[in-house]
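> Sequence first, predicted coordinates after that:
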Amino acid sequence: MALMLGALYDALISAHVTDDLARKAAEEVAAYDARFAAIERELAVLKWMVGTNVVLTVGVLWRVLVR
């Protein structure tokens, strides 16, 4: 994997972790970060969908109950 967190890698190197282990750990944390970002994007879409549904439902109920 090409994506790696440089600050984490540098911190692990300064803690005297071997280069291979530091690189693998930084890459793995970066992969989790990318997964969480994807989940946050999906949640944003779901929030908009639920909000739109609530507004439309309230509008329909308003029309039914007012008449």
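That came through fine.

> now for the longest helix along the chain, which elements pack on it?
Of all the segments of type helix in the chain, defined by DSSP state H, the longest one is helix 19-66. Based on contacts counted as 3 or more CB pairs under 8 Å, 6 or more residues apart in numbering; DSSP states H and E, the elements that helix 19-66 packs against are helix 6-14. Quick note: C-beta positions are derived from backbone N, CA and C, even for glycine.

> Going by neighbour count, list what's buried in the helix it packs on.
Judged by neighbour count (16 or more other CB atoms under 10 Å), helix 6-14 contains these buried residues: L8, Y9, L12.

> One more: stretch 18-26?
A22, R23, K24, A25, A26.

> burial of A30, as a residue count?
18 (other CB atoms under 10 Å).

> So it sits against L5, correct?
Yes: the criterion here is CB atoms under 8 Å, and A30 meets it with L5 at 5.0 Å.

> Give me the pLDDT value at the residue lying closest to G6 once chain neighbours are set aside.
Leaving out its chain neighbours, the residue that sits closest to G6 by CB to CB, 6 or more residues apart in numbering is A26, at 7.5 Å. Per-residue confidence (pLDDT) for A26: 83.
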